[in-house]
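> from the sequence below, what's the structure:
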Amino acid sequence: MTDDWAGGTCEGLGWREATEAALYGPGGFYRRPEGPAGHFRTSVHASPLFAAAVARLLLTTAGELGGGEPVIVDMGAGRGELLTGVLAALPPGLPVRAYAVERAAPRPDGLDPRIEWCAEPPAGVSGLLFANEWLDNVPADVAEADGEGTVRRVLVRPDGTELLGTPVTGADAEWLARWWPLTEPGARAEIGRTRDEAWAAAVGTLRAGLAVAVDYGHLAGARPPFGTLTGFRAGREVGPVPDGGSDLTSHVALDACAAAGAAALAGSGAGPAELTTQREALAALGLSAARPALSLASADPAGYVRALAAAGEAAELMARGGLGDFLWLRQRV
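Okay, the predicted model is just below:
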């Protein structure tokens, strides 16, 4: 917690500052020994098929760059689960450079020695930069329109109670006007400018290749009217309380991130950003939830069971109303 909170004198902090302390400060949620996997499942934890798909994307990206040693940068690496799965899915003996970017945890014991652990993404590499559920944990302020329609910054106390602060001005007000206008009293938004800046900075570290962000997201014209800020603890959704005891997350305005990334790449000859669902992206990478042919059951019973299990795992990764609705933002550098 901050000194103001510790002294009991703070009327409230903006959600950006409160989230920063609760997730990444001393004793913060992401510094707990059990790691994020102790509280919620991502696509990485749901099935090794996800990491295998990312491995195929890595090889494709390396091929488009003219071959050579594949390079992958994992933003918000947690405890290295995604890179561990990617390396296991690559052809044996293939040289690869893998960077795990994680600011909240030291290098885990027993991690594959091919993985370099770092607090910031390496600059000037060519390859695949992959950010799976990273941007939703980049702290963002929250705004709410008061009874008279004035858009104010939402403040929060350590116990999660909120109050309205001063009007939103400057760059944050400009971001809201462009990407998430609040026109009705009580309407809320997460101000995504910090996510835009984080994504633009990450994309800017690539000399060439592909940058991919995968996250809960929404687009202009379908913004949630009251925002999405929430908490997770021990596998359950809980109210957002910035005390370090739970995750704090909110969905990402990925169209705004795409525009920020494009602006960062202006003049570089980069192609347009692509936004698809995870269901579409994984299908393009070869995943299928189709059940295996029943004839396989008699010809190869063990193979049938394996294929059936893989189809079930793929179905979870691609499910409508679930992981399949994640958005994938792809930007070529």
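> how far off centre is stretch 276-294?
Taking CA atoms, centre = their mean, to the nearest Å, one finds the center of stretch 276-294 at 21 Å from the center of the full chain.
> list the contacts of that stretch.
The list of residues contacting stretch 276-294 from outside it, by CB atoms under 8 Å, 6 or more residues apart in numbering, reads 43, 49-50, 53, 56-57, 214, 304, 307-308, 311-312, 314-315, 317-320, 323-328, 330. Yep, even glycine has a C-beta here, placed from its N, CA and C like the rest.
> which members of those residues are positioned in helices?
Counting by DSSP state H, these place 43, 49-50, 53, 56-57, 304, 307-308, 311-312, 314-315, 317 in helices.
> now the buried members of those residues.
43, 49-50, 53, 56-57, 304, 307, 311, 314-315, 317 (16 or more other CB atoms under 10 Å).
> widest-spaced pair of those residues?
Leu57 and Tyr304 (28.2 Å; CB to CB).
> how long is stretch 208-221 end to end?
32 Å (CA to CA, to the nearest Å).
> quick one: average confidence on that stretch?
Taken as a whole, stretch 208-221 has an average pLDDT of 96.
> again, but for stretch 301-321
What stretch 301-321 shows for mean pLDDT is 83.
> show residues contacting it.
Outside stretch 301-321, the residues that touch it by CB under 8 Å, 6+ apart are 43, 46-50, 278-279, 282-283, 287-292, 296-297, 322-325.
> make a PyMOL selection of the buried ones in those residues.
A single PyMOL command is used to select the members of the contacts of stretch 301-321 judged buried by 16+ other CB under 10 Å:
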select buried, resi 43+46+47+48+49+50+278+279+282+283+287+289+292+296+323+324
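> for the strand ranked longest in the chain, buried residues please.
Criterion DSSP state E: the longest strand present in the chain is strand 206-215. Neighbour counts using 16+ other CB under 10 Å place 206, 208-215 of strand 206-215 among the buried residues.
> so which residues make contact with that strand?
43, 57, 61, 64-65, 71, 73, 124-136, 199, 202-203, 251-252, 254, 257, 261, 278, 281, 326-333.
> return the residues in contact with Pro272.
Applying CB under 8 Å, 6+ apart to Pro272 gives the contacts Ala262.
> what ranges do the helices span in the protein?
Listed in chain order, the helices of the chain (DSSP H) span 3-7, 15-24, 43-46, 48-64, 81-89, 170-179, 193-203, 254-264, 278-284, 295-299, 301-317.
> show the average pLDDT along the first one.
Confidence over helix 3-7, taken as the mean pLDDT, stands at 47.
> for the third one, same thing?
Confidence over helix 43-46, taken as the mean pLDDT, stands at 89.
> what are the C-alpha coordinates of it, in CSV please?
Provided in CSV are the C-alpha atoms of helix 43-46 (Å, rounded to 0.1, in the frame of the first residue of the first chain):
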residue,chain,number,x,y,z
SER,A,43,-5.6,-20.3,-22.3
VAL,A,44,-2.1,-21.4,-21.5
HIS,A,45,-3.3,-23.4,-18.5
ALA,A,46,-6.3,-24.7,-20.3
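> residue ranges with poor pLDDT in this structure?
For the chain, the stretches flagged by pLDDT under 70 are 1-10, 34-40, 269, 300, 304.
> and the residue nearest the centre of it?
Glu133 (2.0 Å; CA atoms, centre = their mean).
> and the closest residue to that residue other than its chain neighbours, how many neighbours?
Counting by CB to CB, 6 or more residues apart in numbering, Glu133 lies nearest to Thr42, which is 5.3 Å off, once chain neighbours are set aside. Thr42: 17 surrounding residues under other CB atoms under 10 Å.
> and Thr42, how close does it get to Trp134?
Distance, Thr42 to Trp134, using CB to CB, to the nearest Å: 10 Å.
> quick one: neighbours of the closest residue to Leu248 other than its chain neighbours, just the number.
Closest residue to Leu248 apart from its sequence neighbours, by CB to CB, 6+ apart: Thr19 at 4.9 Å. By other CB under 10 Å, the residues close to Thr19 number 29.
> so what's the nearest residue to Leu317 once chain neighbours are set aside up against?
Excluding the flanking residues, the one nearest Leu317 by CB to CB, 6+ apart is Leu323, at 5.3 Å. Residues counted as contacts of Leu323 (CB under 8 Å, 6+ apart) are 43, 46, 278, 316-317.
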